[in-house]
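Student: sequence plus the predicted model coming up.
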Amino acid sequence: MGVIAMGEGLPRMSGQIFAMLVFEGEAIAFGALSRRLSVSRATISTSIRLLEERGLIRRVNKTGDRQDYFQLADDAYAAMTKYALAGTRHAKAEINDTMSKLPEDADGVRARLDSFAAFYDTISEALDDVATRVSKPKI
């Protein structure tokens, strides 16, 4: 999971925390994450913040316990898909921006960039479908 996280632009530790939450299936205390993964609390804090920002995990409290606990977000997989979708849409916007700056006589380049943009359109449509399929209905 650490290697997968790195491929998604996250630190390896974020993937390891995510994996631990997937494997455990229940909320894990902040301190327990630090101990079990043998890393500093600062490292855990940084990774937790990134996972929370992406909507992959959520902070929970337990009555009578002052410590923060973390668990997978209810819609973690939909959040992953939406993040990937935002990336493909950003890539398409960059391609479109590049095309808008091309000189008038750059028809060959424009045609190749159009194909590249269409590629991202196809990926975006597929990810949109995946996001819908993995989203849990709100109750």
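Tutor: That came in fine, so what should we check first? Numbering: from 1, shown residues only.

Student: so which bits of stretch 46-62 are buried?
Tutor: 47-48, 50-51, 54-58 (16 or more other C-beta atoms under 10 Å). (C-beta placed from N, C-alpha, C; glycine too.)

Student: again, but for stretch 99-116
Tutor: Neighbour-count burial for stretch 99-116 [16+ other C-beta under 10 Å]: L113.

Student: starting at the chain centroid, how far to that stretch?
Tutor: Taking the mean of its C-alpha atoms, stretch 99-116 sits 31 Å from the chain's own mean (C-alpha atoms, centre = their mean, to the nearest Å).

Student: what pLDDT, on average, does that stretch get?
Tutor: Mean pLDDT, computed over stretch 99-116, is 94.

Student: which residues touch it?
Tutor: When contacts are defined by C-beta atoms under 8 Å, 6 or more residues apart in numbering, stretch 99-116 is touched by residues 95, 98, 117.

Student: with A73 as the reference, measure out to the residue lying farthest from the centre of the chain.
Tutor: No residue in the chain sits farther from the centre than D105, which is 39.5 Å out by C-alpha atoms, centre = their mean. Going from D105 to A73 by C-beta to C-beta, to the nearest Å gives 50 Å.
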